[in-house]
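*Asks:* sequence plus predicted model, see below.
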Protein chains: 6
Amino acid sequence: MRSVSIETGVTKHAEGSCLIRMGDTHVLCTATIEDRVPPFIKGSGLGWVTAEYGMLPRSTTSRMRREAAVGKQGGRTVEIQRLIGRSLRAGVDRVAMGERQITIDCDVIQADGGTRCASITGGWVALKLAVKKLIKAREIVTDPLISPVAAVSCGIYAGQPVLDLDYPEDSEAGVDGNFVLRGDGQMIELQMSAEGSVFSRAQMGQLLDLAEKGVAELVEAQMKAVA
Amino acid sequence: MRSVSIETGVTKHAEGSCLIRMGDTHVLCTATIEDRVPPFIKGSGLGWVTAEYGMLPRSTTSRMRREAAVGKQGGRTVEIQRLIGRSLRAGVDRVAMGERQITIDCDVIQADGGTRCASITGGWVALKLAVKKLIKAREIVTDPLISPVAAVSCGIYAGQPVLDLDYPEDSEAGVDGNFVLRGDGQMIELQMSAEGSVFSRAQMGQLLDLAEKGVAELVEAQMKAVA
Amino acid sequence: MRSVSIETGVTKHAEGSCLIRMGDTHVLCTATIEDRVPPFIKGSGLGWVTAEYGMLPRSTTSRMRREAAVGKQGGRTVEIQRLIGRSLRAGVDRVAMGERQITIDCDVIQADGGTRCASITGGWVALKLAVKKLIKAREIVTDPLISPVAAVSCGIYAGQPVLDLDYPEDSEAGVDGNFVLRGDGQMIELQMSAEGSVFSRAQMGQLLDLAEKGVAELVEAQMKAVA
Amino acid sequence: MRSVSIETGVTKHAEGSCLIRMGDTHVLCTATIEDRVPPFIKGSGLGWVTAEYGMLPRSTTSRMRREAAVGKQGGRTVEIQRLIGRSLRAGVDRVAMGERQITIDCDVIQADGGTRCASITGGWVALKLAVKKLIKAREIVTDPLISPVAAVSCGIYAGQPVLDLDYPEDSEAGVDGNFVLRGDGQMIELQMSAEGSVFSRAQMGQLLDLAEKGVAELVEAQMKAVA
Amino acid sequence: MRSVSIETGVTKHAEGSCLIRMGDTHVLCTATIEDRVPPFIKGSGLGWVTAEYGMLPRSTTSRMRREAAVGKQGGRTVEIQRLIGRSLRAGVDRVAMGERQITIDCDVIQADGGTRCASITGGWVALKLAVKKLIKAREIVTDPLISPVAAVSCGIYAGQPVLDLDYPEDSEAGVDGNFVLRGDGQMIELQMSAEGSVFSRAQMGQLLDLAEKGVAELVEAQMKAVA
Amino acid sequence: MRSVSIETGVTKHAEGSCLIRMGDTHVLCTATIEDRVPPFIKGSGLGWVTAEYGMLPRSTTSRMRREAAVGKQGGRTVEIQRLIGRSLRAGVDRVAMGERQITIDCDVIQADGGTRCASITGGWVALKLAVKKLIKAREIVTDPLISPVAAVSCGIYAGQPVLDLDYPEDSEAGVDGNFVLRGDGQMIELQMSAEGSVFSRAQMGQLLDLAEKGVAELVEAQMKAVA
């Protein structure tokens, strides 16, 4: 796995923020607390966590078109931000959170593979910092974050199971997986996908072994960052 | 698993078509052959399979807004049609297919859970029928369809692993998975996702066992339909 | 006129539904009852009937782009759905209907000319079935449907007046008309249009004669369907 | 019928232009000649006439939202501009016109009912002036304009057939018709539509009588304007 | 400076209106009074003046695409309408105006350079006429219009400072400025911009001298128009 | 003026990049070189410099909606990115640059007033670094950058002329100006604007004096950064 670093407090306005670096993949994650919730849970007393994701136009090898200029978010962006939101919600006790919304913005400053996983891992840190602020201000009594949530990618590259693929590996891999786990080892989301290839149950098991190791390391980095 | 029926040749214009029924979920799948390919493979000699997905506004319990009237496809729609395309491509030898594009349209006439899986299973039948037409017309020599592709959903509902969830089960399930497999048992795509819950490796194994059984049945229905 | 068939109850969710077949033109029509009305009649006690229209991408000889993917409904679509709504409203006593909205969705499964007329004829059947449900549930006392509404196309093709043009005739016709009539013979909407041609009052009379005969037959089929 | 005035040459840039006033309805019509034609007739040697329609935001009693700011043309706008284009094309010999496009822009400066009819009548004047320029410059040999095209609205208001309805009449009329005729009496387009009412063949005849008289007067005004 | 003419009362619906002609640049300006204000000042007792700007497609030498058809207002349009609104607000006592909104629509009928300046100058006239109506109806007690607001363009063309550039001058000018002043000589907005060139403080002074002279003349024309 | 720092080489993919900090305003600027130019200068041999601007959703005190999610760039964004592009082009010899395009992306990481000026100043550094790369690779012979381009905001706050306003000052300032100057003291763009206030020639002179001092300091920081 590439070296991980998580730097917190990187922007003065957000209730929680960090810059996570997984090798050359750098993602800025911020958490915004708002009193309103989406219409479908209004009045339920439950909280909501949602996420948005974006890439700076020149975060990539060649410049991508700016989605705001194009006039819509691409399919990949929508897919990723739904995954981030779903993953983080799985680590939250929404009753303890109270009827408020926390929005996690994940903006990729520099991309080198694994941006969605870095966004989940860094997004949880921003979320945790925002929650700590709420607890300190006594707006929340019980910590609604059950367990840390972290994610890592694995894939089969050149016939071998590989942990935390960088962009060159990722674009060559026949099988590509994203594993979102909690700190207590429980699984939240598992996506394995083959483009122009297939995989067996045995291979899936190998990747999962790798992912469990990787996530354990990431959770350690998260705990250090939010301490 | 709910009863499956696949009726082919349901529209006179498409090169391949079927109406797949998984219980009360009914999806119309059509295949369109075009000579052009997307710009990124132009001149490569390779073929392309892509998919689009839609739900009729009143395919659901209460009426949904028509995406064409809203002015854009929702995130769920985009996610599903990308999955269908990726899954079907994994069963195709794109060299044997030749430089042409086949578009699979999956339109949900009536929804009761599992529409994305039914779309993949029915979409493969439409694809196969279109390919047979190309072979009969001698535009293709070798069958580019390596093995059938079928999908089934599984989930943990009321603490129990359940195969092929209908809508009431699906909306209550704590863990929800979609499994795309080939007829030869190889895996193509695996998505497990927990909303407000978690799952263990053991549970994942149980669901996979169910999925393998379900897909075997689906492949049988596919083979009968395209015979 | 091509053979007509109207099959009702084709989808389990809608309050009224039918699949109308005019030769090879097949349209699925559903009716949805909602308690809300558009803002401009809120509090007036009047009801509203509106319609939306769509074509499945491969309902046509060559595949059309999906309007949801393009990001807007084309001019032809907008024109047709406004016509359907206006036509159906002309057969409704909006006071007797009460302050509620019924939305008719007309989705073309297979197209071979005359889809807008089939949508009106089938749409009325779906509307009637939904109204019957309201009456049965005693939510409405007096039947607000004054008289059936049906539509047929006529045109001048190869110099001859022709009833119910199919697609090859329609695309060659110099003059093309759509006639929406009530079961009692009164006219609701009449559109005659020449592209690259003209027509006389005498010709208009001939087409109207044909249309009256055609609509009488359609009304018979409607009455049988809703009985 | 309200008094008609057609002032030509009202803008220095357009190849043809006029300001048509039908009572308090004022529409600015311009014709633009371009060498390109739409893709579907490229290389056919045929010409094309198309139209666009808009209303200034405060052309109406209360301010309408600007369509450019809303981000799309409404259904009514689309319907009207398609009608204008289709009507004008019916008076054109597209072979004589040569492979070029003339775009008619109809912008409503002040609205008081009948804007689509005024647009067709004024639009033909702008078209004629542009064609005269082409003939004078010897770019066209034979005049492609077969006969003038003009339009008038008629309706049944307070039980009586009425010619050229103004806005208060129009918004109260139970039946509302638009008649597009050629100078030689031939019909091009006929639209009669009842909202919350119906009409008989006899009434249709009465309205048509009125329309023929009205159009004759309009054609006179057109001929004077382009002389 | 080109000759100026301001014709008032040019449309019967608007609360204030004028057609301003600066040489061959003709802009129709209307003022609409509404009781609602934007959300951010609701309940503050303050008024709001805003503006929208548009060009008719054939107001220019060659036809521009209609922004409503394109589906969005271009960057230049947005920039100009923000300038008009900001400029007019600077001449308004928003307390005296009371909690209402006046929208100024500026639609360019014919363009020959300086349309944004003509829009501000004509827009103020429409605004003044609308305010006079409010005062006459005793809905406003004190005139909220502190001083007339007018604008003129200046530039450096062929090395010389030039007042009120027409289109050929404007498109060749290396430096281009827009000056918005009040009748009392105070400045409201000053924009100087060099494309492919630069300018000195001395040149800026020369242009400002010209602008002050030009605006004095425009204010005279405004006062005559609203008298 | 607030303290300035310019850190270069902050992203590995871009041809030139820097993070500029003006007090608490932090903007990431990248330069992308492409061989294509906009259609209107194709084949002219001239180069083009353009810019895009964006703010991260939580760069501000309260979260702004993400423009990509909203589906369009706001008016302020469009205005700013046009200003950046125009300003940078004024410092470029487009013949020496050769037929290529350099796109400057300015993304605001943290905002505290003056983001457009920081974007211009930092954007020039990114541009310079990209140009140096082209010169080093001998793709360009003569340096096309005539003189550095930098910008600073000034305004009248609490009656006093103030240089480089931060957000609290900016939102209170009655008069607000942006000054874009070249290193040789020549002016490129000057925008002064009063919202609810006015200003005199004398005040304009004072602000310009401040701006000249401020820009001199910025140019020094630029030169150090690109050395």
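*Replies:* Right, received. Where do you want to start?
*Asks:* need the residues of chain A near chain C, please.
*Replies:* For chain A, the contact set with chain C under Cβ under 8 Å from any Cβ of the partner chain comprises A:Lys72. Any C-beta I mention is one placed from the backbone N, CA and C, and that applies to glycine too.
*Asks:* pLDDT-wise, which helix or strand of chain A ranks last?
*Replies:* When each helix and strand of chain A is scored by mean pLDDT, DSSP states H and E, helix A:167-172 comes last, with a mean of 89.
*Asks:* which helices and strands does that one pack with?
*Replies:* Judged by 3 or more Cβ pairs under 8 Å, 6 or more residues apart in numbering or on different chains; DSSP states H and E, helix A:167-172 is in contact with strand A:149-157.
*Asks:* related to what we said a few turns ago, please save the CA atoms from the least confident helix or strand of chain A in CSV.
*Replies:* The C-alpha coordinates for helix A:167-172 follow below in CSV (Å, rounded to 0.1, in the frame of the first residue of the first chain):
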residue,chain,number,x,y,z
TYR,A,167,-3.4,5.0,-12.0
PRO,A,168,-1.2,3.0,-14.3
GLU,A,169,-2.0,-0.3,-12.5
ASP,A,170,-5.7,0.6,-12.3
SER,A,171,-6.1,1.3,-16.0
GLU,A,172,-4.4,-2.1,-16.9
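*Asks:* could you pick out the longest helix of chain A?
*Replies:* Secondary structure of chain A per DSSP state H: the longest helix is helix A:201-226.
*Asks:* run the chain-centre distance for that helix.
*Replies:* Centroid displacement of helix A:201-226 relative to its chain, using Cα atoms, centre = their mean, to the nearest Å, is 13 Å.
*Asks:* could you do stretch A:34-51 as well?
*Replies:* With Cα atoms, centre = their mean, you get 20 Å for stretch A:34-51.
*Asks:* equivalent analysis for stretch A:199-213, please.
*Replies:* Distance of stretch A:199-213 from its chain centroid, counting by Cα atoms, centre = their mean, is 20 Å.
*Asks:* re the thing from before, in the longest helix of chain A, what counts as buried?
*Replies:* Buried residues in helix A:201-226, counted by 16 or more other Cβ atoms under 10 Å in any protein chain shown: A:203-204, A:207-208, A:210-211, A:214-215, A:218-219, A:221-222, A:225-226.
*Asks:* now it: average pLDDT?
*Replies:* On average, the pLDDT along helix A:201-226 is 95.
*Asks:* residues touching the nearest residue to A:Gln203 once chain neighbours are set aside, list them.
*Replies:* In this structure, A:Gln203 finds its nearest non-sequential neighbour in A:Ile156, 6.2 Å apart by Cβ to Cβ, 6 or more residues apart in numbering or on different chains. By Cβ atoms under 8 Å, 6 or more residues apart in numbering or on different chains, the residues touching A:Ile156 are A:162, A:173-175, A:197, A:199, A:203, A:207.
*Asks:* whichever of these end up buried, select them in PyMOL.
*Replies:* Filtering those down to the buried ones (16+ other Cβ under 10 Å) takes a single PyMOL command:
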select buried, chain A and resi 162+173+174+175+199+203+207
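*Asks:* closest one to chain B out of the contacts of A:Ile156, please.
*Replies:* A:Phe199 (5.2 Å; Cβ to the nearest Cβ).
*Asks:* which SSE is the residue of chain A most remote from its centre in?
*Replies:* Farthest-out residue of chain A from its mean C-alpha position, per Cα atoms, centre = their mean: A:Gly43, at 28.3 Å. Using DSSP states H and E, A:Gly43 falls within no helix or strand.
*Asks:* number of residues surrounding the closest residue to it other than its chain neighbours?
*Replies:* Spatial nearest neighbour of A:Gly43, chain neighbours left out: A:Glu99 (7.8 Å); criterion: Cβ to Cβ, 6+ apart. Residues lying near A:Glu99 (other Cβ atoms under 10 Å in any protein chain shown) number 17.
*Asks:* closest point of chain A to chain C, which residue?
*Replies:* For chain A, Cβ to the nearest Cβ, closest residue to chain C: A:Lys72, 7.9 Å.
*Asks:* what sits against that residue?
*Replies:* Taking Cβ under 8 Å, 6+ apart as the test, what A:Lys72 contacts is B:72, C:71, F:68, F:71.
*Asks:* in chain A, which residue sits nearest chain E?
*Replies:* The minimum distance from chain A to chain E, using Cβ to the nearest Cβ, falls at A:Gly71 (7.8 Å).
*Asks:* what's the pLDDT at that residue?
*Replies:* 88.
*Asks:* that one contacts F:Gly71, doesn't it?
*Replies:* Yes - counting by Cβ atoms under 8 Å, A:Gly71 touches F:Gly71, with 5.5 Å between them.
*Asks:* what residues does stretch A:177-184 touch?
*Replies:* A:83, A:87, A:90-91, A:116-117, A:120, A:146-155, A:187-193, A:204, A:207-208, A:211-212, A:214-215, A:219, B:198.
*Asks:* and what of stretch A:106-113?
*Replies:* A:19, A:23-29, A:51-56, A:59-60, A:81, A:84, A:115, A:119, A:122-123, A:153, A:165-170, F:11-13, F:28, F:56.
*Asks:* residues in chain A within reach of chain F, list them.
*Replies:* Taking Cβ under 8 Å from any Cβ as the criterion, chain A approaches chain F at residues A:11-14, A:17, A:24, A:28, A:30, A:32, A:34, A:52, A:54, A:56-63, A:66-73, A:77, A:103, A:105, A:107, A:109-111.
*Asks:* take the residues you listed and keep only those in helices.
*Replies:* A:67-70, A:77.
*Asks:* neighbouring strands of the helix or strand hosting A:Val180 in the sheet, and parallel or not?
*Replies:* When elements are assigned from DSSP H and E, A:Val180 belongs to strand A:175-182. Strand A:175-182 has its sheet partners listed here by DSSP bridges as strand A:149-157 (antiparallel), strand A:187-194 (antiparallel).
*Asks:* deepest-packed of those, please.
*Replies:* strand A:149-157 (a mean of 27; mean count of other Cβ atoms under 10 Å in any protein chain shown).
*Asks:* I figured A:Glu52 hits A:Ser119, correct?
*Replies:* No - in this structure A:Glu52 lies outside contact range of A:Ser119 using Cβ under 8 Å: 10.0 Å.
*Asks:* and stretch A:86-93, does that touch chain B?
*Replies:* Yes - applying Cβ under 8 Å from any Cβ, one finds stretch A:86-93 in contact with chain B at A:86, A:89-90.
*Asks:* which one of the residues you listed has the most neighbours?
*Replies:* That'd be A:Ala90 among the residues of stretch A:86-93 next to chain B, by other Cβ under 10 Å, with 26 neighbours.
*Asks:* give the contact list for the closest residue in space to it that isn't next to it in sequence.
*Replies:* Counting by Cβ to Cβ, 6+ apart, A:Ile188 is the residue found nearest to A:Ala90 once chain neighbours are left out, at 4.3 Å. Contacts for A:Ile188 (Cβ under 8 Å, 6+ apart) come out as A:87, A:90-91, A:149, A:180-182, B:193-194, B:198.
*Asks:* contacting residues for the residue of chain A closest to chain E?
*Replies:* E:72, F:71-72.
*Asks:* list phi and psi for the closest residue to chain D within chain A.
*Replies:* Relative to chain D, the nearest point of chain A is A:Gly71 (9.7 Å; Cβ to the nearest Cβ). The phi/psi pair for A:Gly71 (degrees, to the nearest 10) reads phi 100, psi 0.
*Asks:* just how off-centre is the strand or helix carrying A:Lys133 within its chain?
*Replies:* Take DSSP H and E as the rule and A:Lys133 turns out to sit in helix A:115-136. Its chain's C-alpha centre and that of helix A:115-136 lie 9 Å apart, by Cα atoms, centre = their mean.
*Asks:* tell me if that helix is near chain B.
*Replies:* No - contact of helix A:115-136 with chain B (Cβ under 8 Å from any Cβ) is absent, the minimum separation being 12.9 Å.
*Asks:* can I get the strands paired with strand A:175-182 in TSV with mean pLDDT?
*Replies:* As requested, those are exported to TSV (pLDDT from 0 to 100):
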stretch	mean pLDDT
strand A:149-157	95
strand A:187-194	93
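*Asks:* all set, thanks.
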